[in-house]
Each structure stands twice: as structure tokens, then as C-alpha cells.
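A.B. asks: Build me a model:
(4 chains)
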Amino acid sequence: MNKLLSSITLSFIVTGGLIAGEITGVVKYIGKPPKAKRLRMDADPVCAASHQEAAKAETFIVDAKGNLANVIVYLKGVKYSGNTPTQPVELDQAGCVYSPHVMGVMAGQPVKILNSDATMHNIHGLPKINREFNFGMPKTLKEKTITFDKSEDVFVVKCDVHPWMKSFTQVFDHPYFAVTGTDGKFSIPNVPDGTYEAIAWQERFGSKRTLSQQVTVKGGSATLNFNFERPKKK
Amino acid sequence: MSDNHTKETFFTKYIWSIDHKVIGIQYGITALLWLLVGFGLMMVMRYQLAYPDTQIPFIGWIFGEDKLLLPEKYNSLGAMHGTIMIFLGVVPLAFGAFGNYLVPLQIGAIDMAFPRLNAASYWTYFLGSIIMVVGFFVPGGAANSGWTSYPPLADVATAGQTVWLLGMVMLITSSLLGSVNIMVTVIQLRAEGMTWFRLPIFVWTQFITAFLLLLAFPPLEAAGILQLMDRLAGTSFFLPTGLVVSGEVLTNAGGGSPLLWQHLFWFLAHPEVYVLILPAFGIISEIIANNTRKPLSGYKSLVYAMTFLGFMSFVVWAHHMYLTGMGTTMGAFFQTTTMIISIPSVVILTALLLSLWGGSIRFNTPMLFALAFLPMFGIGGLTGLPLGLAAADIHLHDTYYVIGHFHYVVAPGTLFALFAGVYFWFPKVTGKSLNESLGKLHFYFSFIFMNGVFMPMFIQGLAGVSRRLADGGQAYAHAADVIYLNEIMSWSAWLLGMAQLFFIANVVLTLFKARTGEINPWNATTIDWTETTSPPLGHGNFEKIPVVYRGPYEYSVPGSKIDFTPQTEKG
Amino acid sequence: MLEVLRKLGLPSVSASTQGPSIDNIISMVHWLMLVLFVGWGIFFIYTLLRFRESKNPKADYGGIKNHYSSYAEAGVALIEIALLFGFAFPIWASRINDVPQGPDTVQIRVIGQQFAWNIHYPGDDGVFGKTDVNLVNEQDNPIGIDRSDDFAKDDIWTINQLHIPVNTPVNILLSTKDVIHNFKLPELRVSQDAISGMQIPVWFEATMTSEEFLEQSVGTGREGKGFQIACAQLCGLGHSKMVGYMTVHDDEGYSNWLEEQKEYLLEEDEDDWGDDEW
Amino acid sequence: MEIPYGVKERPDTGLNNAKLGIWLFLASEVMLFGGLFSAYIFLRTGVDDWPMGSKYLDVKMATLNTLFLITSSVTMVMSWASLKLNDFKKFKLYAGSTLLLACGFLVIKYFEYSSKFSYSYYPSTDNFLGIYFTMTGLHVIHVIGGIAVIAFLLFPGAKMWETDPERFTSRIEVTGLYWHFVDLVWIFLFPVLYLL
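C.D. replies: Modelled structure (predicted):
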């Protein structure tokens, strides 16, 4: 009963939107960045031919100012009972890399997987809670839609035919998440007022080294910045 | 059992029947239906091979919205095609149906030795076959690691593999019950005077087949149990230490070996080849003797060759494993045994060919199928020779050459024999003869298209094209010159499917006709034809248990007025 | 016979030292098969015509009397013995026992995985560095090379790109990360299963460079396509796309290629982030 | 019509159907356990360090179990012999003891298994425990099958003694053959798993 009541109030707040705000911010990296390595795309001539210059690993994309891309920022332990978007999230396989490299999706929200390459990919998701999936996408199969049923921490989605192809997906039961762009910026809209724990995850730092911060949303907006630091040498 | 049954309900007469003839028919119908299903799977696969990654016409919706046969589904169909054809189709038809129906009739027994066990055997098979296809409906689809289910692939495969293993355990149990039954029946229930060397060759082949099933299947059951443990209890019988699957290190304890599976598997699966072919020899022998109107040449050499074949089949299994890193001693041993086992096959084929000499050959439908069996099995057997030599196998291993080889043995080989048997014994089972014209159309079209399907496989195989490629070899340069054959093979396969309509129509139309009342339409000599009505009456088969006075193929005996002398005739 | 088999699909080149001997045994067996089949066939057809019911209404109870067939069977057995001892055993023994070692040999590790071939070169020191499954990272260290090992510092790896010198014995140490694969080079008549948990040597000596091969395949169905590594054992859903590429260089081309690959070593993080610093 | 040689022996083969059937069935069982024993040898010789059985297993309990099974085999023979001597009461006594001993075997096995689990020894721990649980588990299933058959013949099936004593004796004999086989498998399992 209590649960029901609180979810009703919460949904009122969310759908009301009157006292909801936006969390914005920048994720930065401090220190000398690791070098991006070339990908061995000569393993498949179709892949190699789709790049003018050798493609590089997207493990760690940081610009000269230290703005860090591909970081998932999300609020932890938020209850949400609003609608799940029906607009699909797209995951494209183009030039034998995934775009986006990192993405968040809501449980139940469709994920449209595209194959823009003239070669066969197979798309192999390795979730632990959701059902593992693995299917081939020959060049004639241009898109396929899947959904995830349950929220789950970040997991790998990869291609076994092209071993370097790797992407990360996190499934949420609420819409309060974002992924930083190449400028390191992100924004989480429509967050109800309140104090939350915010988490930032970056692939190279892994799930054990996520950053977390308190953030309070009040009166429409809040700012939230994260700084990842280069690990010290022993 | 006893003929003083008070009441026979529909249920006890047709469903839970313990009459070997009804069980034989149950086996026959079920197996024919499974053959059709297995054949259907293959026709879909052949579409994908001929026109890779294009939408499957007509029935594409089965495979999802995109109507494509994606590689994982292709692999499922491949594994299930093999499994269904062998374990649900050919063996139950050859051994379950023909064996059950004919062995007691041919040896003059009133039923099998254990009638209830016989029914249990059929129903275990039925249940096992249902479990097998349930796999199609579990997440990830049916088993997709090939009919050989090699671990580690099968160990880490989707849930369908577990279902496959459970189905196999049922099927193995069924064939164990069946083989004990056939062996006891042949040993114990032969009529008076039916000595071992008066047995029709067909009975001999069933007896040896039962022997193979009895001893070869249990090791596969053991292997199946071990694989189930690997999949369900997390053991590592087939998983060595330190595997990385899809980027993740396996957490199993390790220490196992995938070769263990291969040894246990092929210890069954090579004798299984002879399980497939021996009943075919039996059927062919009966039909050839009958339609040449003369005794077989070398009855005893046939029996000895088949028995020898049965024994040898237990020591050739590792010739499927030449490329697993086999050393010189093992290699030499298995190459030698493999060459040795080719000799009795040559003897059998030669004896059957020589049996034609001096005959008065009638070309009816069963005989046409039986005659076609000889060169077709010849091709199948001969193409086994290069595969049996490890050096030649280096190039041909796991290519379409292998597929061509064993399909020639099993499809135009065993299947033709089984069709011959169906045409030959149909009057016995139903009292009605199948139409000859439709039968001949069925034969000629089947003959042409069978070769159209399988002959090009040797060419692809010589080119080095691997089996089990979901796109028929498109991705590989060495397949480029021979890939056009895929279309020829596929069209042949579909037309072969159409040709079976003659058979289906023939059966259906004939079933609507009235019984001829003829007991022995082929003027045969064996007890099944001479001592029972067609179809035989209820339980018990014979009004009086026959007594046997002579061998099974006393045709055109000099001095006899008619050209056949039944086994039961004195003198 | 060899010409016929080549017309029938057998790859027209046999670009390794062992290739011709394998072709040889294949064609000899096919001779035997042909003779047997034709022999049977002639007898079969003649018998069917001569003894058809309309021609021979009364069957002969005795049938055939002579023993030619037994001689033929004995003949087959003798030929098979000759094939075994004369050809099959020696070829197999050479394949197993004559694994080349020593300085003139090129040693390469090939590690199959679903669905790619990882190639591991020992580098200048000629010794393979340590590998560890826990270091495996599909993107930048697919075979788990432990760069902290001295022998591993100069090791080179590629995906699906096998480069070898011509006329030099190559010894491939074949293994797999996951399931069973089969390393097959159809034009070189090389094929060997990669069995999980085992490392099996497979050796050959290419007798033709890729360039020569491409020249002679002009105008055929595979013009412009060089040697490939095929996977010949079902390994999962990407089995049909598990294509590797093999380039056979002359000696100079081979050393040039090795030099090029060293550039990748410069990208290795000297100060990689280790796990223990956190 | 009755199927011949169900109980009586066929003169030229010297066997009755049931006995021949059970021998053939046991032949296939030999192949089944033979397959597993070969797997054991294959696995054991394939690795450098194979644990001693006594590291995990309780030899005392297994020895007791071995005694149970051997005794039960003896009582099984006695029960058949009693029928041959027309002494139905003694049959009940001996067959009942067989049943009790078999159940005793299961009870001890239960304690053995649960003590393994309590130390977190599972089939997945290593291949020794894997093959131990697989083989003994399959054996236990055979024991349970034997118990079911003996219990049937001892209680509801015993009526046949009144109507068809010869057939009943034959059934006991056939069951006995099966039971000796189950015993024999254990005689192999015991040293292979516990002692070597």
C-alpha cells in the first residue's frame, strides 16, 4: 500500500513536470591519456575498405581539454513509474564499429540494431540478468529490433566475427541517465526535485571504479561535474 | 499373447497394442512422417544454400519477421535434419517398423518375445521424438551444434542442446528395449526347422543390427549423461582448463577433454552406419531373390560378411578423427581396420550382383528400387575409400565429399531399399497392392533427382568446400568455381520432394481400394508370405505354427513344377 | 586421373611440398574406385539385359559357378594393402614425425576463436612470450600476451592475417581459445583440427607465392582472391564467415612485412594501467 | 496361444526368454558403465594431478556399503533358493532382508552425499567429484530401480506364487541377476573411486 501510494505521488510529480528540473554537467579526465591503438581491421577486407585511415579503439576518447566522452551518468535507486519511451534506441554497425559505443536504454524500450556494412556481423550481448542474445546479421539483414526486460548494470555487446567490435549497454528502470558526448557534456532532463546519488561510469575505469556524487535538484536545474583521474603508478 | 481376449477396445487395438504387427505399423507411420519433416528441413536449408540470405518464400514467416534463415537457425536445422533423419526416421523405419512386422512372421513366431516391452519401446521412441522437436520452441531454438554435438561448442550452446540430449536418452532407451526384443525373438522363437542357416537374410540383418544397437548405443548414452552433467551441473568432462568464450574466461574447473566425447560418440556412430545399412541389405536380398526367381549366390558368404561387418564396425570409429592430432600408430591401426571393413562390403555387393546372373529378372517397382540400390550403394561405399585413408582425408575431411559419401549410402542407398521394402510388403500389410505405374514414376523421378542432389557434392568436396556453411561457401574463395552447383542441388532437392507426391498419392489411393484377397502376390517362398493371410489375422499370426523344411530362397528348383518352393514344403 | 579430378573441382594448384603426394593418393584411390565401379557397372547392365524376364523366362537355380569374383575381391584387398603401406602410412608418418624445428623454420602460433584466426609471431627473439587467459582482451590483446615477460616484448599478433615466406618450412602450433575449429588451406592440402586444450603442430612448406598464385588464377572464378584460411569444423553461427587470409611472400617481402608489423609494438602502452594500483 | 519358452527353456538354446533377455540387457549395461569407466580412465590419464579418492571420500562408509550390497546379493540368492525349495516364508525373509540392505545402502549414500555438499564439494568442483557423482548417481538410480522391482515382487506381485509359481521363481531369478549386476558395478566403483 505504501509502495503504491508513493508511486502514485511520484508519478504525479513526474508527469506534472512543474517541479522537475534538468541536471547538466561535464565529465573531465585529469592526467595523461592512454594512447588509442589501431584496430586490426585488415582481418576483414570489407571493414578495412570502409576506413580511409586506420580506425582506432574507442576505449578512451578524450579531447585536448580533458573532456571525456562515452561516460554513462545516471541517478541511482530512483523510483519511476512513468511511461517507457516507444521511440527506439539505435545501435548501428557501420565500418565495423558500433555507434554509439556506449548507450543507455530503458527496460522495455525497443533497441533497433542496424547493419550498415556489406559484411556479416553477429551481435552478441552478454547480459547477466537479461537473456543473453546472439544472432547473425548477414548483409541483407539491415535491421532487427530487440528489447531488454529488466534493468541491469552495464554489459558488453560485441561481434564475434570482428573481435574488436565492442560496445556497452546499460538498462535502466527509469529515464534519468545520459551519455557524455565528445565534448564531455551531458544532460538529464525532467528530474523531479530531490537529492540523489549520481554515478559516472567509464569503460576503462570499469564497474569497480565508478565515481559517485550527491546531487540536489531544486527549482529547475542542477549542475553536476565529474573528474576521472589517471591512476597513480605503484 | 493369448487369443482369448475378451474385449478389444480401440485403445488396445490401435494405440496401446502389444501385437508386433500393429507396433510395426505404428513405427512405420511415425517414422515416415519424421522422414518427411526431416526432408522438409533440408528443403529449407537448400533454399538458404542456393540463394544465401534472401527471404525464404512461402514459409518465411516461420523464421521471424525478416523471413531469413539466419546462420544460427540454419545450424539448428542442420543438426535437427541429421538427428531426425537418422534417429527418428531411418532407424525406426528399418529396424522398428520392418523388423517388428516381419521378423516374427519370417521365423514363424506368434509375436515378439516380449510384447509389452515392444509397445514400451515404441512409446519411448514416440515420446523421445516429441522431446526432440520441443527443442525448436525453447529460447535459442533447437540444438545447433551439429548432429555430432561436439563439445565445447555443444557444452556452451543454447538450451536446445539440453533438450536434444534428453531426447537422445529416450531414443537410446527405446532402441535398447527393441534390440533385446529382436535378439531374444530370433534366438528363442524360431519355428521348428528354422535353423540359423535357413533364416532369411532379412532376419540375419535385423539380428546383427540389434546386436550393434545393443552394444554401441550405451556408450553414447554414457556420453550423453556426461554432457548433460556438463551443461546442468557445471562439470568439466569435455572442457579443458582456460577456455575463453566470447571474451569471457569460462569459470569451469576444467581438466576435461573434448576428444573424450568424440571417442564415445563415434564408438556409437560408426556402428550406427551399419545399423542404417544392414536392414537395407536384408530387404534388398529378399527382393532380389524373389524377382530373379533364383536363390541368392552365396547365402553363407553374405551371412559371414555381415557378421564380420558387425564386429569390425566396433573398431573403426576413430577414422572420423584423423585430424584431431592422431599419431602414427593409432592412424595406422584405424586406417587398416577401415580398409579391412571395406572388404566385406565389397563381398556383399558382389554377392548381390552375382545373384542376378542366371535369373529371370522381373522389373517391378520394388525390384527397380532394389536394383538402383546396388550402384547407388556402390558409389556411397567407394567414395568412403579416400576418406578412410588419412592422407587423402586431409583434403577431403569435413567437406561436401563426406556429405555426398554418406548420403549416397543412406539416401539413394538405404532409403531406396526402404521404399523397395514398402512396395514389396505393402500387399502383406494391407492386402492391397500399390499401383505399378505411379510406383515407377516415383522411382524414375526419385532416381534422377537423388543423383542431382548428391552427385555435385563430390565436386564441391573435391574443391574443398566445407560442410555446415550457412551460406554454402559464399565467403570462401576456393568455393567460387563450384558454388553454382548449389542451385542445381537445391532444385533437384525440391523436385525430389515433388516426386514423393507420386508415392503419397499411390499410398492414399491404394488404401481406398478393396482388398485383392491375394495371399502371395509375388510368389515368394518365405513363411511371411506362404503361411499367413494378407494382412495376417489378429494376434498369433498363424493358424498353426509352421514347420520349416528348407532354406529361404528355393526358387526355380530343378524338377519342381512351379518356380518357387515354400520353406514349409516337405522334401 | 589427376587432370580429371582437377576438372571436377580439386584446386588446380597444389602449392605445398606435401600437396602433390596427397593429390597422388587421392587420384590413385579414384582409379581403384573407377575400375571397380565400371567393372560392376558393365556386369550389372549386361546381366540385366541378358537375364530379363522376357529374354530368360526360366531362371537357373545354380546361378554363377566360377570364382572370378573372389579373385577380384582378393585383388581389391591387395591394392588396398599397397595403398596403405606404399602411400597412406608414409604420408601420415611424414606429417606427424617430420615436424621441422631448427633455425630455418618459421614458427607461428595460430589460435582459433569464434570466429576469427589469431596469429601470433614470436618476433625477433624467435621465442613465443607467455600468454595468460586472464589478460585476454578481445580488442587489443586477443591472445592474452603477457608483455611483462621478456620474450613477449617483441611478439606480434594479427587477426586473420597469416603471412609466411615461400619455400621455407612453416610450423604452425595450432590451438583454440574456445571451441573446436579446423585450420584448412585448401590450395596447400593442409587441414588440422584445433582442439580445445591442446596445441597441435601442423607443418607445411609453400611452393608458390601469393603473387604467382594470383597471376595464374587470372581468368578463373577466383581471380583477384588469394589464399584463404578456411574453418572446416562447425564452430557456431559465424562458422561460414570465419575466413582468414594467407599471404605467401618471397623472403624479402616477408621481412618487410615483419618490419611493418613492428609499428604496432610502438602503440603498446609502456605505462599501462595495471589492476594493482587502485 | 502363449509365447513359448517364457519360463521353460528352449531345448536347443538351453535358455528361457526372460533369462536371455536380462543377459542381453546386462550386456548393454556393461557397455554403459564401461563407457563411463573408460571416460574415467581417459580423464584421469589426461591430467597431471588427479586427487586421491580418500581426499574427498569416506572409505569407511563405502566399505560398510560394500558389505551391505554383497550381503544383499547373498540374501537375493537365498530368496531364490527358498522358492526353489518351495519355502515361501523363507523367501519373504530373505527378499525382505535384501530390500532392507538396499535401503540401508541408500541411507548411507544419502549421508555421504550430504557430507560432500556440506563441505561445498559439488560435481562442478573438479572432474574427480564430477565423475564420482555421475557414476555413483547412476548406480544409485539402478539401486532404486532394483528396490522398486524387489518391493513389487515382495508385496503386490507375490500373489503370482499362488497362481504360477514357476513364473514367479523365474522372475525372482531374473531380478537376482540384475541385482548381482548392480552389486558388481559397485564392486568396481568402490576401489576405482575410493581407493585408487
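
A.B. asks: from here on, contacts and neighbour counts on C-alpha atoms
C.D. replies: OK.

A.B. asks: And the next helix or strand past the worst-scoring helix or strand of chain D on mean pLDDT?
C.D. replies: Lowest by mean pLDDT, DSSP states H and E among the helices and strands of chain D is helix D:53-56, with a mean of 86. Sequence order places helix D:59-84 as the next helix or strand after helix D:53-56, per DSSP states H and E.

A.B. asks: For the least confident helix or strand of chain D, buried residues please.
C.D. replies: For helix D:53-56, the neighbour count (16 or more other CA atoms under 10 Å in any protein chain shown) marks residue D:53 as buried.

A.B. asks: what's the answer for stretch D:76-91, then?
C.D. replies: Buried residues in stretch D:76-91, counting neighbours by 16+ other CA under 10 Å, are found at D:76, D:77, D:78, D:79, D:80, D:81, D:82, D:83, D:88, D:90, D:91.

A.B. asks: go on, stretch A:119-133?
C.D. replies: A:119, A:120, A:121, A:122, A:123, A:124, A:125, A:126, A:127, A:130.

A.B. asks: Quick check, residue B:239 in contact with residue B:259.
C.D. replies: No - counting by CA atoms under 8 Å, residue B:239 does not reach residue B:259; the two are 9.8 Å apart.

A.B. asks: If you count surrounding residues, which of the two has more?
C.D. replies: More crowded of residue B:239 and residue B:259, by other CA atoms under 10 Å in any protein chain shown: residue B:239, with 29 against 20.

A.B. asks: Give me the secondary structure label for whichever residue of chain D sits closest to chain A.
C.D. replies: Residue nearest to chain A within chain D: residue D:124 (20.0 Å; CA to the nearest CA). At residue D:124, secondary structure determined by DSSP: H, G, I helix; E, B strand; the rest coil is coil.

A.B. asks: distance of residue C:128 from residue A:198?
C.D. replies: Separation of residue C:128 from residue A:198 (CA to CA, to the nearest Å) stands at 46 Å.

A.B. asks: out of these two, which sits in the more crowded spot?
C.D. replies: residue C:128 (23 against 20).

A.B. asks: Give me the pLDDT value at the more buried one.
C.D. replies: Turning to residue C:128, the model gives it a pLDDT of 95.

A.B. asks: Over to the one 3 residues further on?
C.D. replies: Residue C:131 is assigned a pLDDT of 94 by the prediction.

A.B. asks: residues in contact with it?
C.D. replies: By CA atoms under 8 Å, 6 or more residues apart in numbering or on different chains, the contact set of residue C:131 is C:143, C:144, C:145, C:146.

A.B. asks: what would those look like in TSV with neighbour count, pLDDT and distance to chain B?
C.D. replies: Formatted as TSV, the contacts of residue C:131 follow (neighbours: other CA atoms under 10 Å in any protein chain shown; pLDDT from 0 to 100; distance: CA to the nearest CA, whole Å):
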residue	neighbour count	pLDDT	distance to chain B
C:143	26	93	10
C:144	16	92	10
C:145	25	92	14
C:146	20	91	15
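
A.B. asks: Among those residues, which one sits closest to residue B:186?
C.D. replies: In terms of CA to CA, no member of those lies closer to residue B:186 than residue C:143, at 59.3 Å.

A.B. asks: how about that closest one, what does it touch?
C.D. replies: Here residue C:143 is in contact with C:111, C:118, C:131, C:132, C:133, C:135, C:136, C:137 (criterion: CA under 8 Å, 6+ apart).

A.B. asks: Give me the subset of the buried residues of stretch A:119-133 lying in helices.
C.D. replies: Counting by DSSP state H, no part of the buried residues of stretch A:119-133 is found in helices.

A.B. asks: mind giving me a markdown table with those and columns for distance to residue C:234 and pLDDT?
C.D. replies: Formatted as a markdown table, the buried residues of stretch A:119-133 follow (distance: CA to CA, whole Å; pLDDT from 0 to 100):
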| residue | distance to residue C:234 | pLDDT |
| --- | --- | --- |
| A:119 | 20 | 93 |
| A:120 | 17 | 93 |
| A:121 | 17 | 95 |
| A:122 | 16 | 94 |
| A:123 | 19 | 95 |
| A:124 | 18 | 95 |
| A:125 | 21 | 95 |
| A:126 | 22 | 94 |
| A:127 | 25 | 95 |
| A:130 | 27 | 95 |
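
A.B. asks: Show me which of these is closest to residue C:33.
C.D. replies: Nearest to residue C:33, judged by CA to CA, of the buried residues of stretch A:119-133 is residue A:120 at 40.6 Å.

A.B. asks: Residue B:266 versus that closest one, what's the distance?
C.D. replies: Using CA to CA, we find residue A:120 at a distance of 34 Å from residue B:266.

A.B. asks: Same question for residue B:247.
C.D. replies: Distance of residue B:247 to residue B:266, computed by CA to CA: 31 Å.

A.B. asks: now do residue A:87
C.D. replies: 52 Å.

A.B. asks: Domain parsing of chain C, as residue ranges.
C.D. replies: Split into domains by automatic domain parsing, chain C comes to C:2-97, C:106-277.

A.B. asks: which one of the ones you listed has the most crowded surroundings?
C.D. replies: Comparing those by mean neighbour count (mean count of other CA atoms under 10 Å in any protein chain shown), domain C:106-277 comes out on top with a mean of 20.
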